[in-house]
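Visitor: Sequence plus the predicted model coming up.
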Number of protein chains: 2
Amino acid sequence: MKAEIITVGTELLLGQTLDTNSQLISQYLNEWGVDVTFRQTVGDNKQRLQAAFKLALSRADMVVLSGGLGPTEDDLTKEIVSQVLGISLLRDSSAIEKIRLHFEQGHRKIAENNWQQADYLEGGYPLENKEGLAVGSYWEQKGKIVVLLPGPPKECQSILEGALRSQMLERFKGQKVLYSRYIHLYGIGESEVASRLRDLIHQQSDPTIALYAKPTEVCIRLSTKASSQEEADEIFKSPAQIIQKALSQFIYAEGKSTSLAKKAMKLLQEKDLSLAVAESLTGGLMMGQLTAIPGASIVLKGGVVSYASEVKRDLLGVSKSIIDAYGVVSEQCAREMANHVRKLCRADIGIALTGVAGPSQQEGKAVGTVYIAIALAENTYVLENNFSGNRERIRQHAIHKALFELLHLLQ
Amino acid sequence: MKAEIITVGTELLLGQTLDTNSQLISQYLNEWGVDVTFRQTVGDNKQRLQAAFKLALSRADMVVLSGGLGPTEDDLTKEIVSQVLGISLLRDSSAIEKIRLHFEQGHRKIAENNWQQADYLEGGYPLENKEGLAVGSYWEQKGKIVVLLPGPPKECQSILEGALRSQMLERFKGQKVLYSRYIHLYGIGESEVASRLRDLIHQQSDPTIALYAKPTEVCIRLSTKASSQEEADEIFKSPAQIIQKALSQFIYAEGKSTSLAKKAMKLLQEKDLSLAVAESLTGGLMMGQLTAIPGASIVLKGGVVSYASEVKRDLLGVSKSIIDAYGVVSEQCAREMANHVRKLCRADIGIALTGVAGPSQQEGKAVGTVYIAIALAENTYVLENNFSGNRERIRQHAIHKALFELLHLLQ
């Protein structure tokens, strides 16, 4: 089945808003086994929206539109789509009720055009919007599917995950759908992964193998169309073993949405270990990423950001003689920082990061020089690193390398 | 002049890659006074790329394509565009030299199809790519402009800012271009701003007024087409005064790319004041945002992340009697944290954040309750806040409110 996506909104053409809905809709359609062949973006303009929709309808089996379902005059999607299809709009009673309640609770008068947010395409179904007032719409006739989704990303995502997903799984029941397995790697570049898996990538047609590179990590996705998770797992088995063999020292986790921070927090929680962090060049960013994960307070006791040398000395208790002899960007300083923060916060593990994020060198050390120390009760490990890239990239590298090393020590 | 953008790449249709180039190209075109009427995205597929380009050429004066300029077999853009236009490709000598050097330095053999990265459209100009090997291309004939840009965002942006910008300014010399003035507000919602500026927004056609809402702030953009910055400044003067009068207490800065963090760091640096931060619910995120700004080390001495109560007591020195009597989510605890972190780090100003980010309540305090304390030498200010939203949003609100209050105290 071929699908085409149309995102609607003048703010997109002006570049005011980044079109994240297109990517999200693409991801869901691909997961449901639907191929996306074109994407279009149009402004809030009758003629252009009509042209875009007609074109999409002429060449795709399924057209998904996002945006323009709101109550204002420039929200034209439902009107144009119903005109082109030659069908009416019906009003969803539960959406009407929701709009009424919403305005009643806000003690506000309901302007007439607010009701149009409850409209869906005749002959189809409304798609419940748990995050907003505008219902989506699913419509299918004579081999064509038309789906209307709201523009606000939270609302669009909520319908994709909820009402549309249910509808699509019901619609394609018994048919093969796409299953994927994700393997996450740290410490190796995309091209090196591609080169080590060259034979596998060239020989294999099912599952397909795709590589995704982020600034500091690579993810391998295996995908296959199957009738069940079990069937898919069987197909993934042999290539996953080959990947495991070729790249074992770089693999840190499996799963669709994971990260080094999530994996580390989970492992610490399982092992009932607590953590304290002393950050210099990363200035709180590592703790910020860890505490973004709900439940972080069980694992992370706290820590110190010691940007200034005095803070390393006064607050962390790093001795003046060490700073004078080796400098703050040194193996010795990292070691002291990790040991002290561990004791100060009464944690099982202390991690310290000190280095040069740039833009200029420090203490004669080059930009990208970073010392990472991990202090356990019995031992303290220190690593010297030379990261490349700009300030932000070096900071991210430092954090991810520290988390990767922590995982190694814990496993 | 009407423009249409085409982004090329199967990874975009699969949702593997977020299409940030479309937004960036839109922003530049709009700044140069060119209206974007449609955007399309196609995969690495000859027929579909051909159809998309022909369609764009039939309805726009200017077509900008991004992606598919690389050396591999699925990089088809130059081939298709030259076919449709019926012209040849020429090879840019300085790009050839760059490719040769690149491979020589890497001690690698040059595969034949690497040279095609030096190609540009006959009758036009190559656009220098400072971030990669594939040159862009600018071509204009019989009232149509065609621009080819590389897909990697860094390379695309580099040409937009560099070679294409020069070409466009030269091309439109003497014509009016778009100038904008940006006013940033904190502490007020988009709809309230719209309501307070209703008359201005309704009456005004030049400059145009646009509102951009981010999760915790609103930006007002005034735009006008003018022949010079001076002419534009004159046009902005009166509406800017009206905005200033209606919203003065919410305005924190002007300028295209600024933020509360940047503004606060700049002001502290100007006043030669140093800062220390104690973070509980924000877990290092505030310091992480501040230290993302180059030169932060001049202002930020450091601070403490005190997630666990013991850390508030042992490291920050908050007395046990205060924690027992009022809890850690309290005005009293925030005050102590700010005072202590200021002294511990020998800073001029101490900021402390303690509160409940969720997902569940704490010490009987509701999710969203946040105490912000700012300690100066002479005085300590404490604010109670009740933020709404999820964990991430509450954390961001807390940081931005603290920075906004700091700006108020300093100004």
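Guide: Perfect, I can see it now. Quantities reported herein were computed from a predicted structural model and do not represent experimental measurements.

Visitor: domain assignment for chain A?
Guide: The record's domain split for chain A, according to automatic domain parsing, is A:2-171, A:177-254, A:260-410.

Visitor: do the second one and chain B meet at all?
Guide: Yes. Under the criterion of C-beta under 8 Å from any C-beta of the partner chain, domain A:177-254 makes contact with chain B via A:210, A:212. No exception for glycine: its C-beta is placed from N, CA and C like everyone else's.

Visitor: Residue A:349 and residue A:277 touch, don't they?
Guide: No. Counting by C-beta atoms under 8 Å, residue A:349 sits too far from residue A:277 to count as a contact (9.2 Å).

Visitor: between those two, who's got more neighbours?
Guide: For residue A:349 against residue A:277, the residue with the higher neighbour count under other C-beta atoms under 10 Å in any protein chain shown is residue A:277, and the figures read 31 against 24.

Visitor: Okay, and the beta partners of that one?
Guide: residue A:303, residue A:351 (DSSP bridges).

Visitor: Contacts only, for it.
Guide: With contacts taken as C-beta atoms under 8 Å, 6 or more residues apart in numbering or on different chains, residue A:277 has the following neighbours: A:286-287, A:290, A:300, A:303-304, A:341, A:350-353, B:284, B:305.

Visitor: tell me the contacts of the residue in the stretch 101-250 of chain A positioned nearest to chain B?
Guide: Across the stretch 101-250 of chain A, no residue is closer to chain B than residue A:212, which sits at 5.9 Å (C-beta to the nearest C-beta). Under the criterion of C-beta under 8 Å, 6+ apart, the neighbours of residue A:212 are A:218-221, B:16.

Visitor: so it bridges to which residues?
Guide: residue A:219.

Visitor: any idea of the pLDDT on it?
Guide: Residue A:212 carries a pLDDT score of 80 in this model.

Visitor: same check, this time on residue A:355
Guide: 96.

Visitor: repeat for residue A:20
Guide: We have a pLDDT of 93 for residue A:20.

Visitor: Number of residues surrounding the closest residue to it other than its chain neighbours?
Guide: Leaving out its chain neighbours, the residue that sits closest to residue A:20 by C-beta to C-beta, 6 or more residues apart in numbering or on different chains is residue A:153, at 5.5 Å. The number of residues packed around residue A:153, counting by other C-beta under 10 Å, is 16.

Visitor: ok, now residue A:11?
Guide: By other C-beta under 10 Å, the residues close to residue A:11 number 17.

Visitor: ditto for residue A:198
Guide: By the criterion of other C-beta under 10 Å, residue A:198 has 11 neighbours.

Visitor: do residue A:215 as well
Guide: Going by other C-beta under 10 Å, the residues that sit close to residue A:215 add up to 10.

Visitor: That one touches residue A:393, doesn't it?
Guide: Yes. Residue A:215 is within contact range of residue A:393, at 6.0 Å (criterion: C-beta under 8 Å).

Visitor: can you tell me how far the residue nearest the centre of chain A sits from chain B?
Guide: Nearest to the mean C-alpha position of chain A, by C-alpha atoms, centre = their mean, lies residue A:257 at 6.7 Å. Relative to chain B, residue A:257 is positioned 14 Å away (criterion: C-beta to the nearest C-beta, to the nearest Å).

Visitor: mind checking the backbone torsions on that residue?
Guide: When quoted as degrees, to the nearest 10, the phi and psi of residue A:257 stand at phi -120, psi 90.

Visitor: Report the backbone C-alpha coordinates of the helix or strand containing residue A:104 in CSV.
Guide: Under the assignment given by DSSP states H and E, the secondary-structure element containing residue A:104 is helix A:93-105. Listed next in CSV are the C-alpha coordinates belonging to helix A:93-105 (Å, rounded to 0.1, in the frame of the first residue of the first chain):
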residue,chain,number,x,y,z
SER,A,93,-21.4,13.6,19.7
SER,A,94,-18.7,12.8,22.2
ALA,A,95,-16.5,15.5,20.7
ILE,A,96,-19.3,18.0,21.0
GLU,A,97,-19.7,17.1,24.6
LYS,A,98,-16.0,17.6,25.2
ILE,A,99,-16.0,21.0,23.6
ARG,A,100,-19.1,22.1,25.7
LEU,A,101,-17.4,20.9,28.9
HIS,A,102,-14.1,22.6,28.0
PHE,A,103,-15.7,26.0,27.6
GLU,A,104,-18.0,25.5,30.6
GLN,A,105,-15.1,24.8,32.9
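
Visitor: just to revisit the earlier point, need the buried ones from the contacts of residue A:212 selected in ChimeraX.
Guide: Typed into ChimeraX, the next command selects the buried ones out of these (criterion: 16 or more other C-beta atoms under 10 Å in any protein chain shown):
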select /A:218,219,220,221 /B:16
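
Visitor: where's the dip in pLDDT among the contacts of residue A:212?
Guide: On pLDDT alone, residue B:16 ranks lowest of the contacts of residue A:212, at 82.

Visitor: What average pLDDT does stretch A:5-13 get?
Guide: On average, the pLDDT along stretch A:5-13 is 95.

Visitor: Do it and chain B come into contact?
Guide: Yes. Stretch A:5-13 is in contact with chain B by C-beta under 8 Å from any C-beta, via A:12-13.

Visitor: May I ask which helix or strand of chain A has the lowest mean pLDDT?
Guide: Lowest mean confidence among the helices and strands of chain A (mean pLDDT, DSSP states H and E): strand A:208-214, at a mean of 81.

Visitor: Only the buried residues of that strand, if you could.
Guide: Within strand A:208-214, the residues that qualify as buried are A:209-211, counting by 16+ other C-beta under 10 Å.

Visitor: for the residues you listed, which one is nearest residue A:162?
Guide: residue A:210 (26.7 Å; C-beta to C-beta).

Visitor: tell me the contacts of the nearest residue to that closest one once chain neighbours are set aside?
Guide: Spatial nearest neighbour of residue A:210, excluding adjacent residues (C-beta to C-beta, 6+ apart): residue A:221 at 4.6 Å. Applying C-beta under 8 Å, 6+ apart, one finds that residue A:221 lies in contact with A:180-183, A:209-212.
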